[in-house]
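**Q** just the structure for this:
(one chain, ligands or ions: 2)
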Amino acid sequence: MQTAEHADTQALSRYRSIFAPSTRRERKANFEDYWKFSQNHSGEILEEEQSLTKKKTKLAEFKTQAVRSKSPLPDPEVFYRNFVNLKDDPKTFDRKTLLLTCIYKFARHEWVGITAAWDYLPQLKDCKSITDKISRYHIAEEFCHVRLFHEMFETFHLDRVEWVPLGKWMRRIYAVFPYFPEFVMAAPAFVTELMGITFYMHVTRMLDDIFPDEPEAAQRIRELLNEIMVDELAHIGQRRNFMGPISTWFAPLMIRPLFKAFFADIPESSLLLDVNQMIRDAKAFNYSEVNKELMERTWVPSYCRLETQA
Ligand SMILES: [Fe+2]
Ligand SMILES: [Fe+2]
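**A** Residues are numbered from 1 along each chain as shown. Ligands and ions are numbered 1, 2, ... in the order given. Below you'll find the model as predicted:
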């Protein structure tokens, strides 16, 4: 009989580090493989709607089988007063509100970043290279995530959530990112994807603890997060594939400063999350830690899969 420990060791042996070396030829083949995977995974792009056909169907399923928490938040006005900018001391928030304002702030940064990138990138039909196609399609997937986040808030009867642009300066910073050349942006773009998956994994682990009296709603948040995480796991592989040897060497060094700077802007995070542990987890990221159900639906670069290395 196989022990749990043995099964774990087997799982651990299936993947190499996300920072495993790769050749230019391998990366070219991986872009082609990823592009096939993602179209099959998310469907046709809907440029006007900033959406994708399969993602749209999945969201509609969530909405037709909507789950709503048994009770609203203890004081929904605390959420509405603080979800965009903190007005009150977050130490006074109940943990549900604290988590939901934290998720909103994280997702809002994503939304601002993707809005800027969407305006910069050509439409899919006008993209010449496979990497431009991948990038356009990637942003469409991110817009679908914002809708899934929106559904999380509605799960807790928060029906008045709006996606509010960041201040002028932060908006300008996000707006110039797409103009940097790929060899400069490859490492930070990869690290932000890694930050996303690390954040979602930490949030997933907290759900039962934060919503003990709302098991159905907590489960719905988990399902919505899983939909996002399947894509994000593929995104980290895809963004890893943009990195040559120098970026692959440099990216781990950027994890700590980028995580620290990003979460410093979300004061709720220090009351909920262990940011230092998130940094350690990101540096040690390995697909083997991810649950099997997600791994079966996502995409991993060939050079991070051990079985293809023989
Ligand atoms: Fe994302
Ligand atoms: Fe992503």
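**Q** for the spatially closest residue to residue 88 that is not a sequence neighbour, give its distance to ligand 1.
**A** Distance criterion Cβ to Cβ, 6 or more residues apart in numbering; nearest residue to residue 88, sequence neighbours excluded, is residue 82 at 5.8 Å. C-beta coordinates here come from the backbone N, C-alpha and C atoms, glycine included. Distance, residue 82 to ligand 1, by Cβ to the ion, to the nearest Å: 23 Å.
**Q** please list all residues in contact with residue 82.
**A** Applying Cβ atoms under 8 Å, 6 or more residues apart in numbering, we find residue 82 in contact with 88, 90, 93, 97, 101.
**Q** ok, the last one - contacts?
**A** This points to residue 101. Each residue near residue 101 by Cβ under 8 Å, 6+ apart is listed here: 79, 82-83, 86, 90, 93, 268.
**Q** which residue, neighbours along the chain excluded, lies closest to it?
**A** For residue 101, the closest residue by Cβ to Cβ, 6+ apart turns out to be residue 83, at 4.9 Å.
**Q** count of neighbours near that neighbour?
**A** A total of 24 residues lie near residue 83 under the criterion other Cβ atoms under 10 Å.
**Q** and the gap between it and residue 155?
**A** 15 Å (Cβ to Cβ, to the nearest Å).
**Q** can you check residue 72 too?
**A** Where residue 155 is concerned, residue 72 sits at a distance of 11 Å (Cβ to Cβ).
**Q** between these two, who's got more neighbours?
**A** More neighbours sit around residue 155 than around the other of residue 72 and residue 155, counting by other Cβ under 10 Å; the figures are 23 against 13.
**Q** before we move on, back to that, want to throw the contacts of residue 101 into CSV with distance to ligand 2 and secondary structure?
**A** Conversion of those to CSV gives the following (distance: Cβ to the ion, whole Å; DSSP: H, G, I helix; E, B strand; the rest coil):
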residue, distance to ligand 2, secondary structure
79, 25, helix
82, 26, helix
83, 22, coil
86, 26, coil
90, 26, helix
93, 28, coil
268, 21, helix
